[in-house]
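could you work out the structure for the sequence below:
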Amino acid sequence: MPRTDAVLAEPALLEAQARLGRPLVKRAVLSAQARVRAGDLAPDLVADAALASLPATAAGSLHPVLNATGVLLHTNLGRAPLSAAALAALEVAAGSCDVELDLATGARGRRGRGALDALAAAVPAAGGVHVVNNGAAALALVATALCGPGSAAGPAREIVIARGELVEIGDGFRIPELLAATGARLREVGATNRVHLRDYAAAIGPDTGFLLKVHPSNFQITGFTSSVSVAELATLGPPLVVDIGSGLLAPEPLLPDEPDAATVLAQGATLVTASGDKLLGGPQAGLLLGSPGAGAQLVERLRRHPLARALRVDKLTLAALEATLAGPPAPVTEALHADPAELRRRAEALAARLRADGLDAEAVVSRATVGGGGAPGVQLPSAAVALPERYAAALRQPGGSDGGHGTPAVLGRLEAGRCLLDLRALPAEADERLYAAVRAVSG
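Predicted coordinates for the structure are as follows:
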């Protein structure tokens, strides 16, 4: 058995220690030595095995994944991939920066002013804006400040919400449980499939804190249904909070039924809450946008609430959000608007290269979805490379269970006994890496 210090002194592992830190590299060496003791590895391969098990670029446990699922906003893959502009902004923010300093005066500056100004510029209809750490936090802050025990109005107040909008999303997260956890009281109105303006009107009383309309996220109710529009609810008097979820700031022609912040504010909403890492295409963040006048006053009240400090975003989020708002189109926007004919051309080119290498590959028509709770039921025309089913597992773990060295994992989807690698969520520059990944696991 080679000595641990001797293995760690080898040039390749010294370089890895400079990049990843000695503790992580030493654990990899000890793990390889354990394999030797178990008879699974030759003693002279300890250094090679340790090096192969280390991450290629970072000391963390995350692995790069090519999203070939056809789901643009895949929650398990971190939802929206960041733009090159956002990544560049992260590099600046990762060091010392003027996140809360006015360089001209040397005095303390408004935290996140660039991101807030960019958000306000992106939604001119908003009278006030604020950012917290995710969409659920935005809604929790509103409920706590306006209806929780100890709010400005005193005892806990009521949130009036339609029964059909008491939704559960991924990992068992439920909107009603979030709202109840703030101490607010829920006043449910209507039936599961139908609610009318008169139902809301009858529920309004002295204890009403606000009316809440929630985006249905990743499901649809069809058939004998009815709901009440934002414009109708805005006529009833109490503040109207609309959780649009998806993060669209302006209308998207490809998704005509998806709510957006500008339109909802124009229709009379007092406050709009949304997520930054969905269709906006930025980092995880919760956006709060208030209407001019009453909404702007509420945003300022929320900003000064004690809970707002606990929900504050860090400098990395602020930098990436500003760059997403002010910079070029985000990757999710480009994927949404990808040309189906170009996707087909890319799929055919990839399949042809793989067939020339002796692999069973073909280009097929596919259907992609938005994901992330956005645009449920909408299918986007796409194209994919179809491979034998066994490739699905092999591509997920190109280097085995220890992660591999330098080769990204690929997540496709299984359909009709084939592994489909859908190209809608992948930029064209990823095609070469996708080809290399398939070849690496083809044996």
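
list the residues that contact the residue positioned nearest the centre of the chain.
For the chain, the residue nearest the mean C-alpha position is Arg79 (3.2 Å; Cα atoms, centre = their mean). Counting by Cβ atoms under 8 Å, 6 or more residues apart in numbering, Arg79 touches 73, 277-278, 284, 371-372. Bear in mind the C-beta positions are built from the backbone N, C-alpha and C, glycine included.

on contacts alone, who are the packing partners of the helix or strand hosting Glu334?
In this assignment (DSSP states H and E), Glu334 forms part of helix 331-336. In terms of contacts (3 or more Cβ pairs under 8 Å, 6 or more residues apart in numbering; DSSP states H and E), helix 331-336 is packed against strand 71-73.

what's the strand it packs on packed up against?
Judged by 3+ Cβ pairs under 8 Å, 6+ apart, the packing partners of strand 71-73 are helix 331-336, strand 362-371.

bridging residues for the residue lying closest to Thr69 once chain neighbours are set aside?
By the measure of Cβ to Cβ, 6 or more residues apart in numbering, the closest residue to Thr69 outside its immediate chain neighbours is Arg413, 5.1 Å from it. With DSSP bridges as the criterion, Arg413 is bridged to Leu420.

wait, Arg413 sits on Leu420?
Yes. Using Cβ atoms under 8 Å, Arg413 is in contact with Leu420, at 5.4 Å.

compare the two (neighbour count), which wins?
Comparing Arg413 with Leu420 by other Cβ atoms under 10 Å, the one with more neighbours is Leu420, at 24 against 16.

and Pro256, which helix or strand is it part of?
Secondary structure assignment for Pro256, by DSSP H and E: no helix or strand.

go on, Pro176?
Assigned by DSSP H and E, Pro176 falls in helix 175-181.

and after that helix, which helix or strand comes next?
Next element after helix 175-181 (DSSP H and E): strand 185-189.

which helix or strand contains Ala344?
Rather than Ala, residue 344 is Arg. helix 340-356.

in that helix, what's buried?
Judged by neighbour count using 16 or more other Cβ atoms under 10 Å, the buried positions of helix 340-356 are 343-344, 346-347, 350-351, 353-354.

now swap in stretch 201-215 and tell me
By neighbour count with 16+ other Cβ under 10 Å, stretch 201-215 contains the buried residues 203-204, 208-215.

now do the shared contacts for Arg413 and Leu420.
Common neighbours of Arg413 and Leu420 are listed as 68, 70 (criterion: Cβ under 8 Å, 6+ apart).

one step back: which elements pack onto the helix holding Pro176?
helix 135-147, strand 158-162, strand 185-189.

output the longest one as CSV, restricted to C-alpha atoms.
As requested, C-alpha coordinates have been extracted for helix 135-147 and formatted as CSV (Å, rounded to 0.1, in the frame of the first residue of the first chain):
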residue,chain,number,x,y,z
GLY,A,135,-41.1,33.4,-4.1
ALA,A,136,-42.4,31.7,-1.0
ALA,A,137,-40.6,34.2,1.1
ALA,A,138,-42.2,37.1,-0.7
LEU,A,139,-45.7,35.7,0.0
ALA,A,140,-44.8,34.9,3.6
LEU,A,141,-43.5,38.5,4.2
VAL,A,142,-46.8,39.9,2.8
ALA,A,143,-48.9,37.6,4.9
THR,A,144,-46.9,38.3,8.1
ALA,A,145,-46.9,42.0,7.7
LEU,A,146,-50.5,42.5,6.7
CYS,A,147,-52.3,39.7,8.5
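
orientation of it relative to strand 185-189 in degrees?
Put simply, helix 135-147 runs at 100 degrees to strand 185-189, going by axes from the mean of the first three to the mean of the last three Cα atoms, to 10 degrees.

what's helix 135-147 in contact with?
If you take Cβ under 8 Å, 6+ apart as the criterion, helix 135-147 is touched by 132, 151-153, 156-159, 173, 175, 178-179, 181-185, 209-210, 239, 241, 243, 245, 271, 273-276, 286-288, 298, 301-302, 305, 307-308, 311.

where does the prediction get shaky in this protein?
In the predicted model, the chain carries pLDDT under 70 at residues 59, 150-154, 218, 398-406.

closest to Ala42 out of the helices and strands packed on strand 71-73?
Ala42 lies closest to strand 362-371 among those, at 40.6 Å (Cβ to Cβ).

now the angle from the closest one to helix 340-356?
130 degrees.

heads up, I number from 458, so please use that
Sure thing, new numbering starts at 458, so read that last one as strand 819-828.

list the helices and strands strand 819-828 packs on?
Packing contacts for strand 819-828, counted by 3+ Cβ pairs under 8 Å, 6+ apart, involve strand 528-530, helix 797-813, strand 837-845, strand 875-879.

my guess is Val646 meets Val617, correct?
Yes. Under the criterion of Cβ under 8 Å, Val646 makes contact with Val617 at 6.1 Å.

okay, and the common contacts of those two?
Jointly contacting Val646 and Val617 under the rule Cβ under 8 Å, 6+ apart are 657, 660.

between the two, who's got more neighbours?
More neighbours surround Val617 than the other of Val646 and Val617, with 26 against 22 (other Cβ under 10 Å).

wait, what's in contact with that one?
Counted by Cβ under 8 Å, 6+ apart, Val617 has contacts 644, 646, 657, 660-661, 665, 667-669, 695.

residue boundaries of the helices in the stretch 608-757 of the chain?
Secondary structure of the stretch 608-757 of the chain (DSSP state H, counting those that start in this stretch): helices at 632-638, 654-660, 687-690, 718-723, 751-760.

outside of the longest one itself, list whatever touches it.
Under the contact criterion Cβ under 8 Å, 6+ apart, helix 751-760 has outside partners 583-587, 598-599, 602-603, 609, 696, 722, 726-728, 745-747, 765.

now for Arg824, how many residues are close by?
14.

residues making contact with the helix holding Pro633?
Contacts with helix 632-638, where a contact means Cβ under 8 Å, 6+ apart, come from 593, 596-597, 600, 616, 618, 622-626, 643, 669, 671, 700.

first-to-last residue distance for stretch 716-731?
Its first and final residues considered, stretch 716-731 spans 10 Å by Cα to Cα, to the nearest Å.

what angle separates the helix holding Arg801 from strand 837-845?
10 degrees.
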